[in-house]
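Student: mind folding the following:
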Amino acid sequence: MSSYAVHAHWDPASATWWTDGEDIPGLTCQADSCEELLDVIFELGPELLRDNAIEPPPGVTFAPLAGRAPR
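Tutor: Residues are numbered from 1 along each chain as shown. Take a look at the predicted model:
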């Protein structure tokens, strides 16, 4: 089983979560909530891997890592 780490970052200026998907070429997105960002990652991740000639193996997982500094 392959796993791809995806780092989610909080941007206080725009009050959004974002990722540049270091392990998944082309995965650059943002969302209003961490949950919404995760939905986008899980939807686009396999598609972007295929777009980059990487066939996601059965059981591929995405390991979101999120952090946010206290206000």
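Student: what's the longest strand seen in the chain packed up against?
Tutor: When the chain is scanned for its longest strand (criterion: DSSP state E), the result is strand 3-11. If contacts are counted by 3 or more Cβ pairs under 8 Å, 6 or more residues apart in numbering; DSSP states H and E, strand 3-11 sits against strand 16-19, helix 34-51, strand 61-67. Quick note: C-beta positions are derived from backbone N, CA and C, even for glycine.
Student: centre of the chain to the shortest one, how far?
Tutor: Its chain's C-alpha centre and that of strand 16-19 lie 9 Å apart, by Cα atoms, centre = their mean, to the nearest Å.
Student: average pLDDT across the next helix or strand after it?
Tutor: Where DSSP states H and E defines the elements, the next helix or strand beyond strand 16-19 is strand 29-31. Strand 29-31 comes out with an average pLDDT of 95.
Student: neighbouring strands - and their directions - for strand 29-31?
Tutor: Here strand 29-31 is paired, per DSSP bridges, with strand 16-19 (antiparallel).
Student: ok, back up a step: what's the most buried one of the helices and strands packed on strand 3-11?
Tutor: The highest average neighbour count among the helices and strands packed on strand 3-11, using mean count of other Cβ atoms under 10 Å, belongs to strand 16-19 at a mean of 20.
Student: any regions of the chain where pLDDT drops low?
Tutor: Scanning the chain for pLDDT under 70 picks out the ranges 1, 69-71.
Student: change it to 80
Tutor: 1, 21, 64, 67-71 (pLDDT under 80).
Student: wait, residue 42 sits on residue 62?
Tutor: Yes: contact criterion Cβ atoms under 8 Å: residue 42 and residue 62 qualify, at 6.1 Å.
Student: re the thing from before, dump the helices and strands packed on strand 3-11 to TSV, plus distance to residue 10.
Tutor: Converted to TSV, these look like this (distance: least, Cβ to Cβ, whole Å):
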stretch	distance to residue 10
strand 16-19	6
helix 34-51	8
strand 61-67	7
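Student: relative to residue 8, which of those is closest?
Tutor: Residue 8 sits nearest to strand 61-67 of all these, at 4.0 Å, using Cβ to Cβ.
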